[in-house]
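Novice: A structural model of the following input is requested.
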Amino acid sequence: MSTKPGSFQSLASRQPHATVSELLAELVPPREFEAATFKNYIPHVEYESQAIAQKRCEEFGTGGSKKRLFGKSNRIDATGVYLDGGFGVGKTHLLAAIWHSFQGKKAFGSFIAYTSLIGALGFAEAVKALSRFQLVCIDEFELDDPGDTMMMSRLLNELEKHGVKFAATSNTPPNALGEGRFAAADFAREIHGIADRFDILRIDGEDHRHRPVDVAPTEMTAEELSSWLKGRGESDTAVDNFSDLLSALSKIHPSRYGRLLRGVNGVALEDVHMLTDQVDALRFVAFVDRAYEAQITLRGSGHPLTQVFSPEYLSGGYRKKYLRAVSRIGAMTTRG
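Specialist: Numbering: from 1, shown residues only. Alright, predicted model coming up:
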């Protein structure tokens, strides 16, 4: 039974379109990091690598000193920097600070944002579009999908021929507990063509947001969801049946999920159920990423949203993607 009173928005009824220029214009840091600077990054006194990474990133972003760090020369003409470390140590903050400080044409997006762009435009057109930038920042460079990783490796190598510089971060699952904590060796191997022109910076530390390893389930009845909606504005809140949203996502290219959420700051999903199709699950991960970056508040009735991915999925090849999505769903479902 629908809990949708009044005239709330419906994501499933939208048909977002975007030109190449509009897609490229969306390659900016998410709202959470729109004011990130090197000055407001506070390195932990117990982890020297954070202060070292802060200094090196500032040098890279502003074209500064050639001082030696980690016992090797850090060239201001390096092709890129790679921030490798655990969850919540400030990698994305530093990446956004590089973007903000860099003087020139620049792009900032998640790994998924760039693979989605390639999917939307085709490889050759994506290279052409991105080669207009002087700096490309890639948040959470993924190494768990061989096809996507190889495609991104090709992209970086092609863009490097156009003089593009890069800054990237690793993606480490929130409950890795030291397992595979540093992905630097894997990253260097996968981008073999230009790996020797990257400065790889390891950042130690604890999760500064102190997020729990296990995200608590967030269940709502249809009545509770309806009650929550009574306090929401109809013009900026979307209400959709979960299955209808999944069907809509299958007809929209992931590169346009951000535009799907334009003008919305709250999403209510009815009759949530566990995902049994991996393609649907991966599309929902991409949707969650865009919703999280837009700082959207999320609620759902039926099956707990933090448990939509089966244990099989959470232990499979896309484990990192799903764990990140669960963490982000947990954050969105606890927002006011």
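Novice: quick check: F8 touching T237?
Specialist: Yes. At 5.3 Å, F8 counts as touching T237 under the criterion of CB atoms under 8 Å. The way it works is simple: take the backbone N, C-alpha and C, and place the C-beta from them, glycine included.
Novice: shared neighbours of those two, anything?
Specialist: Common contacts of F8 and T237 (CB atoms under 8 Å, 6 or more residues apart in numbering): L229, A268.
Novice: what segments of this protein are strands?
Specialist: Per DSSP state E, the chain carries strands over the ranges 68-69, 72-73, 80-85, 106-110, 135-141, 165-170, 198-203, 237-241, 266-272, 297-302.
Novice: nearest to C57, out of these?
Specialist: When the strands of the chain are compared by CB to CB, strand 80-85 sits nearest C57, at 6.3 Å.
Novice: tell me what angle the closest one forms with strand 165-170.
Specialist: 10 degrees (axes from the mean of the first three to the mean of the last three CA atoms, to 10 degrees).
Novice: buried ones in strand 80-85?
Specialist: Neighbour counts over strand 80-85 (16 or more other CB atoms under 10 Å) mark G80, V81, Y82, L83, D84, G85 as buried.
Novice: what sits against the fourth one?
Specialist: With contacts taken as CB under 8 Å, 6+ apart, L83 has the following neighbours: A53, C57, K91, L94, L95, A167, A168, T169, S170, L201, I203.
Novice: could you rerun that using 7 Å?
Specialist: Neighbour list for L83: A53, K91, L94, L95, T169, S170, L201, I203 [criterion: CB atoms under 7 Å, 6 or more residues apart in numbering].
Novice: A35: neighbour count?
Specialist: 11 (other CB atoms under 10 Å).
Novice: can you tell me which helix or strand of this protein has the lowest average pLDDT?
Specialist: The least trusted helix or strand in the chain, going by mean pLDDT, DSSP states H and E, turns out to be strand 68-69, with a mean of 34.
Novice: what's the distance between the residue sitting nearest the centre point of the chain and T237?
Specialist: The residue lying closest to the centre of the chain (CA atoms, centre = their mean) is S110, at 4.3 Å. Distance of S110 to T237, given as CB to CB, to the nearest Å: 25 Å.
Novice: identify the residue nearest K165 in space, chain neighbours excluded?
Specialist: Leaving aside its chain neighbours, K165 sits nearest to L135 (5.0 Å; criterion: CB to CB, 6 or more residues apart in numbering).
Novice: I figured the one you found hits F102, correct?
Specialist: Yes. Between L135 and F102 a contact is recorded at 4.9 Å, counting by CB atoms under 7 Å.
Novice: the domain parsing of this protein - what is it?
Specialist: 11-18+211-333, 20-203 (automatic domain parsing).
Novice: comparing those by mean pLDDT, which bottoms out?
Specialist: Among these, domain 20-203 carries the lowest mean pLDDT, at a mean of 84.
Novice: OK, contacts around the closest residue to H273 other than its chain neighbours?
Specialist: Excluding the flanking residues, the one nearest H273 by CB to CB, 6+ apart is H303, at 5.1 Å. Taking CB under 7 Å, 6+ apart as the contact definition, H303 lies against V272, H273, M274.
Novice: so who does D271 touch?
Specialist: For D271, the contact set (CB under 7 Å, 6+ apart) comprises N241, F242, S243, S301, G302.
Novice: mind picking the two most distant members of these?
Specialist: It's S243 and S301 that sit farthest apart of the contacts of D271, by CB to CB, at 12.8 Å.
Novice: which of those two has more neighbours?
Specialist: Per other CB under 10 Å, whichever of S243 and S301 has more neighbours is S301, with 23 against 15.
Novice: need phi/psi at the closest residue to E219 other than its chain neighbours.
Specialist: Leaving aside its sequence neighbours, E219 sits nearest to P304 (CB to CB, 6+ apart; 4.9 Å). Torsion angles at P304 (phi, psi; degrees, to the nearest 10) stand at phi -60, psi 130.
Novice: can you give me the neighbour number for A25?
Specialist: There are 11 residues near A25, going by other CB under 10 Å.
Novice: oh, and call the first residue 694 from now on, that's how I've got it
Specialist: From this message on, residue numbering opens at 694, which makes the last subject A718.
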